[in-house]
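>>> Fold the stuff below for me.
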Amino acid sequence: MIRDEAADMPDGGALKTPDRLRGRASRLLSQLTTRSDRLVAEALAGADARKWHYAVLASLQEYGPGSQAELSRRSGIYRSDMVSVLNELAERDLVLRAPDPVDRRRNVITISPRGRRHLRRLDEVLDDLHDQLLAPLSPAERDQFVQLLTRLLDHHARGS
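Residues are numbered from 1 along each chain as shown. The predicted structure follows:
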């Protein structure tokens, strides 16, 4: 388990971390991910959402309607969890379910107008959060950081 080192210090200062640890990209990414996940969860909770809600709504907005299986592949949500996520979104009228005209055994999921408005609000929440998370970086460094992370993820996704 990774702990927040600064939280352990009475003055909020960081503990002295060995250079061997500070020089390990895997450790740094893990610590940043832990902090980022916590901030995202808190920010989205304040906007009455969860990260999976955002992933589904963003997928529907960008790629259009899809089946539960398609949404699972697009968003990275396990198929077994997708039903509960869609139930939560449908209960709030953020998505619409309709029988697939080609295969009546499955549903096609579409983002609703209310879902589009909610997604825009979540985009604003996450934009503010990313400004906070990436505050020490200039706009150019932020763009470069995202490009490098994307390149790493794309590389490893091809290899798995």
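>>> only C-alpha atoms for contact and neighbour calcs from this point on.
Fine.
>>> Let me know the pLDDT of the residue nearest to the spatial centre of the chain.
In the chain, the C-alpha nearest the mean C-alpha coordinate belongs to Lys51, at 5.1 Å (CA atoms, centre = their mean). Lys51 carries a pLDDT value of 93.
>>> Could you check how far it is from Leu60?
Per CA to CA, to the nearest Å, Lys51 is found 14 Å from Leu60.
>>> Kindly report the same for Ala90.
13 Å.
>>> Would you mind telling me which of those two has more residues around it?
Set side by side, Ala90 and Leu60 show more neighbours around Leu60, with 22 against 18, by other CA atoms under 10 Å.
>>> Do I have it right that that one meets Pro113?
No: counting by CA atoms under 8 Å, Leu60 does not reach Pro113; the two are 11.7 Å apart.
>>> Now tell me what touches stretch 27-45 from outside.
Residues outside stretch 27-45 that contact it (CA atoms under 8 Å, 6 or more residues apart in numbering): 2, 21-22, 50-51, 122, 125-126, 129, 133.
>>> Helices of the chain, residue ranges please.
With helices called from DSSP state H, the chain shows them at 19-22, 25-46, 51-63, 68-75, 79-91, 113-133, 139-159.
>>> who does the last one touch, helix- and strand-wise?
Read that as helix 139-159. For helix 139-159, there is no helix or strand it packs on, judged by 3 or more CA pairs under 8 Å, 6 or more residues apart in numbering; DSSP states H and E.
>>> For it, buried residues please.
Residues of helix 139-159 classed as buried: Arg142 (neighbour count, 16 or more other CA atoms under 10 Å).
>>> Could I get the average pLDDT for that helix?
pLDDT averaged over helix 139-159 gives 93.
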